[in-house]
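Visitor: Provide a 3D model corresponding to the input given below.
(2 chains)
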Amino acid sequence: MRVATAGSAARSTRRAHDAVGIREQMHPFAFIVSEPIKIDIWSDIACPWCYIGKRHLEAGITSLGDAAPEVEITYHSFELAPDTPVDFEGSEVDFLAKHKGLPAERVHEMLDHVTGVAANAGLDYHFDTLQHTKTLKAHELLHFAKEQGLQLELSERLFRAYFTEGRHVGRVDELISLGAEVGLDADAAREALDSGRFAAAVQADIAQAQAYGINGVPFFVIDGRYGVSGAQPSEVFAQALTQVAAEKAA
Amino acid sequence: MSEFIASAEGDAPAPTPFAMIVGDASAMVCEGDVCYIPDLPIA
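Guide: Numbers count the residues shown, from 1 in each chain, chains lettered A, B, ... in the order given. Predicted coordinates for the structure are as follows:
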C-alpha cells in the first residue's frame, strides 16, 4: 500500500514510502516518478462509519498488492453535530436514550450491531466508554497536523482514541497529548488551537462539502473525478482506484 | 457520536463536480446527528 497525506507532501510521501517499503525504480539518467492519485475524504472523528470506511479504503488499496497505485490522502472537516457540547455527562447509551428519546434496549441493539461491523473491519469499538463530545477542536488539530505532514497519523490516532480507548477528543489538553503521540510539537499545537488559527480552514472544508452537495460522511473524492459515499466495501475502493490509475495512464 | 437509524439504503448525495461511483447502495453513512444502519430492522 502506498499512502501519503497532503501538506508537506514530499516529507509525508517519503515517510509513507519508508513505512511500507516502497521500491523506487531508478534509472541512470532519471527517476521514474508517477503522480499519486489524490483521495480527499470528508470525515468526522465522531462518525463510526468514517473509521470503518477508512479501514475499508486501506483494505482496498492493500488488496491490489504490487498493482496498488500511489495515493495521497487528505482529510477534510465535516462536523456532524455542531451543537454537541464539549462535555456531556453520561454514556453514549445515555445520550441516545435520553437526548434522542430512544429506548435503551434499542440503543444497545444498534450499538452492538455497529460494534460488530467495526469488528469485521478489524476495529475494536467500545461504546460503553466512549465520551460524546464536540469535534471542532479535533478538526482544527487535524488541519495543523496536515500543515506538519502528520494528518494521516493524527486521524488514525484520534479515531482510535475516541472509539476504542474512551479518550476525550473535545478537550484541548487531551488533543495536544494525542497529537504529541504522533509527533506534533505540543507547544505549537496548543498555539494552533488556542489561537483558532485553523478555524477558518475547518469552515472552508465544511463549505466545500456543501458546495459539492455532500450531506453525509464518510465521503471520498478520488482524483477529483469520482465520488464515493459511505463506508463502501473494500472492493469498491480497489475497483475505483484501478479505474482511475488506468485512466491516468491512458 | 450520533443517533442511529436503521435503514435499508444510504442516502447518497449527488454532487455535481464528479461522477458518483454507486458501489453498495446500502453503504453506511452519517448525516447530521443521524447514522444510518443497513440490514437492521426498524423497531
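
Visitor: is stretch A:222-234 anywhere near chain B?
Guide: Yes: using Cβ under 8 Å from any Cβ of the partner chain, stretch A:222-234 reaches chain B at A:222, A:224-233. All C-beta atoms are positioned from the backbone trio N, CA, C, and that covers glycine.

Visitor: from these, which is closest to chain B?
Guide: Chain B has its nearest neighbour among those in residue A:230, at 3.1 Å by Cβ to the nearest Cβ.

Visitor: and that closest one, how many neighbours?
Guide: For residue A:230, the number of neighbouring residues by other Cβ atoms under 10 Å in any protein chain shown comes to 30.

Visitor: from memory it sits against residue A:49, does it?
Guide: Yes: look at residue A:230 against residue A:49 with Cβ atoms under 8 Å: they come within range, at 6.6 Å.

Visitor: what sits in contact with each of those two?
Guide: A:218, B:28-29 (Cβ atoms under 8 Å, 6 or more residues apart in numbering or on different chains).

Visitor: if I look at residue B:27, how far off is residue A:198?
Guide: Computed as Cβ to Cβ, to the nearest Å, the residue B:27 to residue A:198 distance reads 30 Å.

Visitor: Now the element after the least confident helix or strand in chain A by mean pLDDT, going C-ward?
Guide: The weakest-scoring helix or strand in chain A, judged by mean pLDDT, DSSP states H and E, is helix A:9-20 (a mean of 36). Next helix or strand after helix A:9-20 toward the C-terminus (DSSP states H and E): strand A:37-43.

Visitor: Now do that following strand: everything it contacts.
Guide: A:6, A:50, A:53-54, A:57, A:69-78, A:155, A:205, A:209, A:214, A:217-224, A:241, A:244-245, A:248.

Visitor: Show the average pLDDT along that strand.
Guide: The average pLDDT within strand A:37-43 is 97.

Visitor: And that strand, how far out from the chain middle?
Guide: Here strand A:37-43 is found 9 Å from its chain centre; the criterion is Cα atoms, centre = their mean, to the nearest Å.
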